[in-house]
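[1] next one to model:
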Amino acid sequence: MNVAELQRQVEYKFAPAPLIAVQALANTFAFEPEEERLLDPDSARAWLVESELAAPGVAVGEREFERLVEFRAVVRDMLDANLTGALSEETAAAFQRFAGESPVRLASPQPGRLDLDLAPARSVDEFIGQIVGIAYRAQVTGEWERLKVCASDECRWAFYDASRNRSGTWCQMEVCGNKIKNRAYRRRRRATAS
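    Residues are numbered from 1 along each chain as shown. Below you'll find the predicted structure:
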């Protein structure tokens with residue numbers, strides 16, 4: 001994985017490596033079509049290779065593309081649950097299904113030691129398995145709950161909450177947080193004036 005490239009894509013509030021790969025996958029989604037990174041099989045393949053998350057020879061056909069986009073939606077729902085505290089049974093079941101269908105590869109970087117195999121994936125299923133493994137590792141280390149989706153309905157950017165009490169809600173307080181707080185303030189003012 002090319003951490004510098006993933007940081008360029010994510011822009012701010014980076015998750016530590018290798019969790020930044022999950023954050024970058026979540027942030028390939030955009031409400032604006034010109035910002036969507038996974039538009040079709042070719043753009044999905046280009047993103048995977050450019051980010052060095054997949055080998056240059058990775059094949060991304062229509063089936064792999066649809067699977068990757070479906071998996072991204074499940075990941076985004078899980079990150080939203082990290083914000084709200086409410087993980088739906090449907091999302092949990094979908095993530096479990098992906099985990100069962102795309103096993104996590106391990107490597108032995110030192111004799112007698114195991115770790116995730118983070119070499120560029122040779123297939124979309126292998127990439128999904130890596131993301132599942134990264135999520136598992138992050139859950140064990142306590143980093144997973146810090147990866148969230150911005151509470152602003154106009155944003156929904158994945159960010160890493162590095163706050164001491166893990167109470168971050170917005171990807172950027174000065175942008176998304178201020179918009180929401182200003183709207184709430186105006187609503188209260190209108191209600192008081194009525």
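[2] where does pLDDT dip in this protein?
    Residue ranges of the chain with pLDDT under 70: 31, 33, 170, 173-175, 177-194.
[3] what ranges do the helices span in it?
    3-10, 20-26, 41-50, 62-84, 89-101, 124-141, 178-193 (DSSP state H).
[4] to Glu35, which of those lies closest?
    helix 3-10 (11.0 Å; CB to CB). The way it works is simple: take the backbone N, C-alpha and C, and place the C-beta from them, glycine included.
[5] give me the contact list for that closest one.
    Here helix 3-10 makes contact (CB atoms under 8 Å, 6 or more residues apart in numbering) with 14, 17, 20-21, 23-24, 27, 37, 50-52, 158.
[6] now the buried members of the residues you listed.
    The neighbour-count criterion (16 or more other CB atoms under 10 Å) marks 14, 20-21, 23-24, 27, 37, 51-52, 158 among those as buried.
[7] can you redo those residues as a markdown table with distance to Arg164?
    Listed next are those as a markdown table, based on distance: CB to CB, whole Å:
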| residue | distance to Arg164 |
| --- | --- |
| Phe14 | 18 |
| Ile20 | 21 |
| Ala21 | 25 |
| Gln23 | 20 |
| Ala24 | 25 |
| Asn27 | 24 |
| Arg37 | 32 |
| Ser51 | 30 |
| Glu52 | 33 |
| Ala158 | 20 |
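[8] widest-spaced pair of the residues you listed?
    Glu52 and Ala158 (19.2 Å).
[9] may I have stretch 41-52 as PDB, with CA atoms only?
    The C-alpha trace of stretch 41-52 is given here as PDB (Å, rounded to 0.1, in the frame of the first residue of the first chain):
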ATOM      1  CA  PRO A  41     -14.600  -1.400 -13.400                       C
ATOM      2  CA  ASP A  42     -11.800   0.600 -15.100                       C
ATOM      3  CA  SER A  43     -11.900   3.400 -12.500                       C
ATOM      4  CA  ALA A  44     -12.000   0.900  -9.700                       C
ATOM      5  CA  ARG A  45      -9.000  -1.000 -11.100                       C
ATOM      6  CA  ALA A  46      -7.100   2.300 -11.600                       C
ATOM      7  CA  TRP A  47      -7.800   3.300  -7.900                       C
ATOM      8  CA  LEU A  48      -6.600   0.000  -6.600                       C
ATOM      9  CA  VAL A  49      -3.400   0.000  -8.600                       C
ATOM     10  CA  GLU A  50      -2.700   3.700  -8.100                       C
ATOM     11  CA  SER A  51      -3.000   3.300  -4.300                       C
ATOM     12  CA  GLU A  52      -0.800   0.100  -4.500                       C
END
